[in-house]
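>>> Model the structure of this input:
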Amino acid sequence: MPRSGWVKPVSDRRLSDVVSVGLLTRVFAPDVVDAVIAECGRTEQRSRTLTARVTAYFAIGMALNADGSYEDVFEQLTDGLSWSSGWSQSWTAPTKSAIFQARSRLGAEPVEALFRRVARPVATMDTPGSWLAGRRLMAIDGTCLDLADTPANAEHFGRPASSRGEQSAYPQARLVAVAECGTHALVDAAIGPCSTSERELSNDLLDRLEPGMLLLADRGFYGFQMWTRAAASGADLLWRVKSTLSPKHRETLDDGSWLATIIPTSGTRRQHRTPLTVRVIDYALDDGRENPEQYRLLTTILDPADAPAEELALAYAQRWEIENTFDELKTHQRGPRAVLRSKSPPLVLQEIWGHLCCHYAIRTLMVDAARAGGRDPDRVSFVAALRITRRSLSHSLFSPSQP
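The predicted structure follows:
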């Protein structure tokens, strides 16, 4: 009996032909998994029991069972085979060492490529909370994830300073992501050390925005260069800015908003840069406080007839949906485990991309369920969907080898 790998059953089928990851394979189809593995040069040169495809699904499966051991995760993935065959077949779990080696062979790139290949906005025109003036509401924001306290993770990702000036107990990775507001589907992301700012990580994300989107962002993202880069993608923008920013007034519009020009506030030769025209919306939320918080928004939508100021102010509140999305990812999907399990930077990245793939799959399925029931995806319980998806791992007739 091999000490590393799976015990081969009396069958001509390989584990990669029968390992079942339930609902996840509906979103991340086996042929797509195989394609990105080939493109990343991870296709096996010799026959292995723990193939790259199996390991890619394992990386997503870990996110569904964040508290389980490696063996627990694989038991979930392969229970579907025994269940679908009337318990006539069974598999012996691989050793922890064998799984670790398989994860190391795969690396992070194929799981990242899988997310980038599949993750797309999923709202239709009748999905509530997803549109304004024909534009798809998107939001960008960042968060940090605690990592296993190993020298390699600390060196690569760094530790944030605590409030007392000391270093944090755990290394941290910074995640910046773009989410569809109406469905909470994360469609793009960037990961880096905690010392890398959200603005720096977001550069490539801004380049990948598309016309027809309306991107919402909080005050920390604004900068003339960032605004210019995001607008160049063809997407429209609705960003909150600091009250100290004073665009040059040009014209007051009928709905109370006003047209203005912005220029760089720092950098050499900034006075020689071409000013950009924006529309400014100033408002306060009447929440009963004596001094309500003041908001200043900038947008590329210049015509009030296209989107009145009140509608834009209401739409900006949808930015908080990405905060709820991060809570789903960090609190519920990851569960009570506060620290990711991987002890080396490549496997940390693989684990995070696995979490992103898993969340996207769950949210996609929630949108399908909400659409079938005529409901708002925001009204469908993520916790319930997560529980159903976990249960589906061991009760699926779907084989990853099927098209």
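
>>> and Pro308, how far is that from Phe382?
32 Å (C-beta to C-beta, to the nearest Å). Where C-beta positions appear, they are placed from N, C-alpha and C, glycine not excepted.

>>> Glu75 now?
24 Å.

>>> who has more neighbours, those two?
Neighbour totals were compared for Glu75 and Phe382, and Phe382 leads with 22 against 17 (other C-beta atoms under 10 Å).

>>> which residues in the stretch 101-250 of the chain form strands?
131-132, 135-146, 172-180, 186-193, 213-217, 236-240, 248-252 (DSSP state E, counting those that start in this stretch).

>>> now for the longest one, which elements pack on it?
I take that to be strand 135-146. Using 3 or more C-beta pairs under 8 Å, 6 or more residues apart in numbering; DSSP states H and E, the elements in contact with strand 135-146 are strand 172-180, helix 198-201, strand 213-217, helix 320-327.

>>> Partner strands of it and their direction?
strand 131-132 (antiparallel), strand 172-180 (antiparallel), strand 213-217 (parallel) (DSSP bridges).

>>> Helix 320-327 and the longest one, what's the angle between them?
Relative orientation of strand 172-180 with respect to helix 320-327: 130 degrees, computed using axes from the mean of the first three to the mean of the last three C-alpha atoms, to 10 degrees.

>>> Convert strand 172-180 to PDB, retaining C-alpha atoms only.
Extracted in PDB, the C-alpha atoms of strand 172-180 (Å, rounded to 0.1, in the frame of the first residue of the first chain):
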ATOM      1  CA  GLN A 172      -1.000  39.900   7.100                       C
ATOM      2  CA  ALA A 173      -1.900  39.900   3.400                       C
ATOM      3  CA  ARG A 174      -3.700  42.800   1.900                       C
ATOM      4  CA  LEU A 175      -6.600  42.000  -0.500                       C
ATOM      5  CA  VAL A 176      -8.200  44.600  -2.700                       C
ATOM      6  CA  ALA A 177     -11.200  43.500  -4.700                       C
ATOM      7  CA  VAL A 178     -14.000  44.600  -7.100                       C
ATOM      8  CA  ALA A 179     -17.500  43.400  -6.300                       C
ATOM      9  CA  GLU A 180     -20.800  43.600  -8.000                       C
END
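
>>> tell me the mean pLDDT for it?
Averaged over strand 172-180, pLDDT sits at 98.

>>> Buried residues, it. List them.
Gln172, Ala173, Arg174, Leu175, Val176, Ala177, Val178, Ala179, Glu180 (16 or more other C-beta atoms under 10 Å).

>>> And the furthest pair within those residues?
Greatest spatial distance among these (C-beta to C-beta): Gln172 and Glu180, at 25.9 Å.

>>> that older thread, closest one to Ala372 among the helices and strands packed on strand 135-146?
strand 172-180 (18.7 Å).

>>> Could you figure out how far that closest one is turned away from strand 186-193?
160 degrees.

>>> chain center to strand 172-180: distance?
Strand 172-180 sits 6 Å away from the centroid of its parent chain (C-alpha atoms, centre = their mean, to the nearest Å).

>>> same deal with stretch 212-228?
18 Å.

>>> again with stretch 253-264
That offset, for stretch 253-264, works out to 33 Å (C-alpha atoms, centre = their mean).

>>> try stretch 122-134
On C-alpha atoms, centre = their mean, the centre of stretch 122-134 falls 19 Å from the chain's centre.

>>> in it, what counts as buried?
Neighbour-count burial for stretch 122-134 [16+ other C-beta under 10 Å]: Val122, Ala123, Thr127, Gly129, Ser130, Trp131, Leu132.

>>> Also stretch 26-41?
Those would be Val27, Phe28, Pro30, Val33, Asp34, Val36, Ile37, Cys40, for stretch 26-41 by 16+ other C-beta under 10 Å.

>>> what's the burial count for the nearest residue to the fifth one once chain neighbours are set aside?
Computed as C-beta to C-beta, 6 or more residues apart in numbering, the closest residue to Asp34 that is not its neighbour in sequence is Arg53, at 5.9 Å. Residues near Arg53, counting by other C-beta under 10 Å, number 25.

>>> what about Arg53, distance to Gly68?
Arg53 is 21 Å from Gly68, by C-beta to C-beta.

>>> who does the helix or strand harbouring Ile362 touch, helix- and strand-wise?
Assessed by DSSP states H and E, Ile362 sits inside helix 345-372. Secondary-structure packing of helix 345-372 (3+ C-beta pairs under 8 Å, 6+ apart): helix 24-27, helix 52-64, helix 96-106, helix 109-118, helix 151-157, strand 172-180, strand 186-193, helix 382-393.

>>> could you say what helices and strands the second one packs with?
Under the contact criterion of 3+ C-beta pairs under 8 Å, 6+ apart, the helices and strands touching helix 52-64 comprise helix 15-18, helix 24-27, helix 30-39, helix 70-84, helix 96-106, helix 109-118, helix 345-372, helix 382-393.

>>> and if we set it to 6 Å?
helix 15-18, helix 30-39, helix 70-84, helix 96-106, helix 345-372 (3 or more C-beta pairs under 6 Å, 6 or more residues apart in numbering; DSSP states H and E).

>>> ok, now the third one?
Packed against helix 96-106, as judged by 3+ C-beta pairs under 6 Å, 6+ apart, are the following elements: helix 52-64.

>>> tilt between the helix it packs on and helix 109-118?
Going by the same axes, to 10 degrees, helix 52-64 makes 80 degrees with helix 109-118.

>>> roughly how far is helix 52-64 from the heart of the chain?
That offset, for helix 52-64, works out to 17 Å (C-alpha atoms, centre = their mean).

>>> Quick check: beta-bridge partners of Glu180?
On the basis of DSSP bridges, Glu180 is bridged to Met138.

>>> show me what contacts it?
Residues near Glu180 by C-beta atoms under 6 Å, 6 or more residues apart in numbering: Pro121, Ala123, Met138.

>>> Lovely, talk soon.
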